[in-house]
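Q: Have a look at this fold, sequence not included:
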Ligand SMILES: Nc1ncnc2c1ncn2[C@@H]1O[C@H](COP(=O)(O)OP(=O)(O)OP(=O)(O)O)[C@@H](O)[C@H]1O
């Protein structure tokens, strides 16, 4: 198969997802109108797909079987061996029951019968499996439920084929995606992709992230710490993630499958759903607009968060080492795959027996699937089988496994408002915080604006003051100039008076002249007095202005200093917050390191415990049984032989009997020693291939 072309069922399941980050309010009206007809058809389809799930919280795991067609390799094998091509499986017309038989003459009356939710034959199509099972799961995730689809089966039976499938190039229905939301519903979709390879979790979206740990949260269920989560808005973005992750998945050719998956892969989609209802039924957009502008929102807005998680699990297939011929690295991988599938079997068995203890933590796979098996999840198991006679044993084992899984009951509830760490909630909170910050910042900007204004006023006052001083100085200069002029004028008058003569007498000595001079002098004096008074008034007013400007300037400087001090205190507080945050991060980091170390120790302990239990289980029991036989049966038997050799008729017989008695005594002694040694000895042998044989026992090989 050309895997790079594949994107079938899994891809199709994604087309039902809504456009996460694109608020439906952004869509143009014309798009909505165009999509109207398609919507009606779509909603009809939704009802059919959703009908698969009723509303009762307790539901059994849905188990579906898919029988794949004979592969060219199997057809050729039959031909080479000269065997007729007989399918081991016969499916009833209802597609709900089946018989598997290894009768060489296709006699199904001697086979094993099974009943499941649905059985798909060799002619089944990818799209019908998607429509009947995957779509309902996807839609219920959008409503806030958890759902898991996992493919189980022997290697080469079509797990990856079904989960990835081949693409018959169906158009993506973008309209499906966008019309799912309404004006008051927001979706946020994020996706992750991981693989469990040899009991180590790898991030398929970021190859640098390896050895990730699983965390269990009481309300949220299991999560992988540090796993990359990418927010996706369109099916195309999801496909890109699938393609990116698939490239990193561990695959290798084996005898039974050219492209055998050597790891369990889990593609996780988390859909967060936020619905807003406004109490007085005002338009939500008004509330949003008010929140943005910082205006107080009067309406009561109720927000309901839901989070649904979809796990798409493609398990690695079990295989018999004797058939697959694995060796070296392949053998190591096979052992780990078989071991984790054994753990899965043990979990299913404990759940069906309603044991108090379910060993989820025995493997990474079961830890990760804890919610899906017996928890809050709508789970569908797709069990794959081959119709070939050579794999009759493996197919039968898969069907028994699937039958046990069918008995598991999950309690399915909507995850409503339970995850305070939901990304959508975080985004919404962040948005609110930013809006508040924005309004605060606007206020701070106003404050800054005020400082600038004050500064401008101060500058202007300074300029006014300088101008006033200049004016004062110029007035003073003028005044002095006038004074000098006056003095000069007086001197000139005096000089002229001394020169002039009237009628033989000096003119200044005539009474008329004196009167005139006096009058002139008084006029000029008055004029200067007036001018001087004016100048003095002007000077005083300028002095007052100058004092007023000084006071104003002092006030402005004080205000500016207060503002600067407040800003400095705010900056200090920000720095304290930053340093506290750094400390907090350092503590978080340290705590994570401690938790990781604890997890590694716990895993090592569990491993040692298993190895020790498995070793003790069989060998010790055998030794105890042997000791019992020696003590209870053989030693008393030897004693009775010894006693029966008591009396003999002839000397010869007596002699021989003595010899025999001696030998019997020696053998008895040896047996006692052996029994003692068995009871004392502790098994020191290491268990070889224990895990493998226990798996094969469990699988009924
Ligand atoms: N329904 C089917 N129709 C046609 N071919 C199929 C079908 N199912 C599986 N195949 C073919 O069978 C082969 C094995 O399939 P696939 O790799 O999906 O098996 P698998 O169960 O995932 O194996 P493994 O566990 O080794 O990874 C592939 O070549 C695939 O194309």
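A: Perfect, thanks for sending it. Remember, it's a predicted structure, so these values are computed and weren't measured experimentally. Residues are numbered from 1 along each chain as shown.
Q: Count the neighbours of residue 211 for me.
A: 13 (other C-beta atoms under 10 Å). For the C-beta atoms, the positions are set from N, CA and C on the backbone; glycine is no exception.
Q: Where does it sit: helix, strand or coil?
A: coil (DSSP: H, G, I helix; E, B strand; the rest coil).
Q: Show me the beta-bridge partners of the nearest residue to it once chain neighbours are set aside.
A: Once flanking residues are discounted, residue 211 sits nearest to residue 200: 5.4 Å by C-beta to C-beta, 6 or more residues apart in numbering. Beta-bridge partners recorded for residue 200 (DSSP bridges): residue 197.
Q: Verify the contact between residue 200 and residue 209 for me.
A: No: Residue 200 lies out of contact with residue 209 (C-beta atoms under 8 Å); the separation is 11.2 Å.
Q: Among the two, which residue is more densely surrounded?
A: Taking neighbours as other C-beta under 10 Å, residue 200 and residue 209 compare with residue 209 leading, 16 against 13.
Q: Pop out the phi and psi values for the nearest residue to that one once chain neighbours are set aside.
A: Once flanking residues are discounted, residue 209 sits nearest to residue 203: 3.6 Å by C-beta to C-beta, 6+ apart. Backbone torsions for residue 203, taken as degrees, to the nearest 10, come to phi -90, psi 120.
Q: before we move on, what about residue 276?
A: phi -110, psi 130.
Q: how many other residues sit next to the closest residue to it other than its chain neighbours?
A: Nearest non-adjacent residue to residue 276, counting by C-beta to C-beta, 6+ apart: residue 184, 4.7 Å away. When neighbours are counted by other C-beta under 10 Å, residue 184 registers 19.
Q: Show me the beta-bridge partners of residue 252.
A: residue 260.
Q: Run through the residues that contact it.
A: By C-beta atoms under 8 Å, 6 or more residues apart in numbering, the residues touching residue 252 are 260, 262, 330, 333.
Q: Could you check how far it is from residue 363?
A: 21 Å (C-beta to C-beta, to the nearest Å).
Q: Give me the below-cutoff pLDDT ranges for the stretch 401-550 of the chain.
A: Scanning the stretch 401-550 of the chain for pLDDT under 70 picks out 417-428, 431, 435, 438-448, 450, 496-509.
Q: quick one, strands of it?
A: Using DSSP state E, counting those that start in this stretch, the strands of the stretch 401-550 of the chain run over 409-411, 501-502, 505-506.
Q: Then the stretch 151-300 of the chain?
A: 185-197, 200-203, 214-217, 221-224, 230-232, 251-252, 260-261, 264-278.
Q: Which one, of those strands, ends up nearest to residue 469?
A: strand 264-278 (65.0 Å; C-beta to C-beta).
Q: Now do the buried residues in the closest one.
A: 264-274, 276, 278 (16 or more other C-beta atoms under 10 Å).
Q: Ok, stretch 199-209 next?
A: So for stretch 199-209, counting by 16+ other C-beta under 10 Å, buried means 201-206, 209.
Q: Check stretch 239-255 too.
A: 239, 241-242, 245-246, 248-251, 254.
Q: And for stretch 343-356?
A: Quick answer for stretch 343-356 (16+ other C-beta under 10 Å): 343-352.
Q: Including pLDDT, secondary structure and distance to residue 315, could those residues go into TSV?
A: Formatted as TSV, the buried residues of stretch 343-356 follow (pLDDT from 0 to 100; DSSP: H, G, I helix; E, B strand; the rest coil; distance: C-beta to C-beta, whole Å):
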residue	pLDDT	secondary structure	distance to residue 315
343	93	helix	12
344	91	helix	8
345	90	helix	12
346	91	helix	15
347	91	helix	13
348	89	helix	13
349	88	helix	17
350	90	helix	19
351	88	helix	17
352	86	helix	19
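Q: ok, so of those, who is nearest the ligand?
A: residue 344 (13.9 Å; C-beta to the nearest ligand atom).
Q: need the contact list for the closest one.
A: 315, 363, 365-366, 369.
Q: Next SSE downstream of the helix or strand of the chain with the lowest mean pLDDT?
A: Least confident helix or strand of the chain, by mean pLDDT, DSSP states H and E, is helix 29-50 with a mean of 36. Next in sequence after helix 29-50, counting helices and strands by DSSP states H and E, comes strand 58-60.
Q: so what's the backbone phi/psi at the nearest residue to residue 386 once chain neighbours are set aside?
A: Spatially, and ignoring its direct neighbours in sequence, residue 386 is nearest to residue 157 (5.2 Å; C-beta to C-beta, 6+ apart). When read as degrees, to the nearest 10, the backbone of residue 157 gives phi -100, psi 0.
Q: can you check residue 360 too?
A: According to degrees, to the nearest 10, residue 360 has phi -60, psi -40.
Q: Could you double-check that it lies in contact with residue 348?
A: No: here residue 360 lies out of contact with residue 348, judged by C-beta under 8 Å, at a distance of 11.1 Å.
Q: Between the two, which contacts overlap?
A: Common neighbours of residue 360 and residue 348 (C-beta under 8 Å, 6+ apart) are residue 373.
Q: circling back to that earlier point, distance of the residue nearest to residue 209 relative to residue 224?
A: In terms of C-beta to C-beta, residue 203 sits 8 Å off from residue 224.
Q: Tell me the residues that contact both of those two, please.
A: Common neighbours of residue 203 and residue 224 (C-beta under 8 Å, 6+ apart) are 192, 194, 212.
Q: Residues of this structure that sit close to the ligand?
A: Contacts of the chain with the ligand, taken as C-beta under 6 Å from any ligand atom, map to 1, 68-69, 71, 153, 155-161, 257, 259-261, 316-317, 384.
Q: Just the buried ones among the residues you listed, please.
A: Buried among the residues of the chain next to the ligand by 16+ other C-beta under 10 Å: 68, 71, 153, 155-161, 257, 260-261, 316-317, 384.
Q: Using pLDDT, spot the least trustworthy of these.
A: Across these, the member with the lowest pLDDT is residue 257, scoring 82.
Q: Provide a list of residues in contact with that one.
A: 155-156, 317.
Q: how is this structure carved up into domains?
A: 3-106+114-421, 447-599, 605-699 (automatic domain parsing).
Q: Sketch out the low-pLDDT regions of the stretch 51-200 of the chain for me.
A: 51-56, 165-183.
Q: what's the distance between residue 630 and residue 599?
A: Relative to residue 599, and taking C-beta to C-beta, residue 630 is found at 47 Å.
Q: Neighbour count for the two, which is higher?
A: Set residue 630 next to residue 599 and count neighbours by other C-beta under 10 Å: residue 630 wins out with 19 against 15.
Q: A strand includes the more buried one, no?
A: No: read with three-state DSSP, residue 630 is helix and lies in no strand.
Q: Offset the numbering so it begins at 6, please.
A: Happy to do that; since the first residue is 6 now, the last one works out to residue 635.
Q: got the contact list for the closest residue to it other than its chain neighbours?
A: In this structure, residue 635 finds its nearest non-sequential neighbour in residue 680, 4.5 Å apart by C-beta to C-beta, 6+ apart. With contact set as C-beta under 8 Å, 6+ apart, residue 680 has these partners: 632, 635-636, 640.
Q: Just the buried residues of the strand or helix carrying residue 680, please?
A: Assigning secondary structure by DSSP H and E places residue 680 in helix 656-685. Neighbour counts over helix 656-685 (16+ other C-beta under 10 Å) mark 666, 669, 673, 676, 680, 683 as buried.
Q: pLDDT check: weakest of these?
A: When the buried residues of helix 656-685 are compared, residue 683 shows the smallest pLDDT, 77.
Q: contacting residues for that one?
A: Applying C-beta under 8 Å, 6+ apart, the residues contacting residue 683 are 628-629, 631-632, 635.
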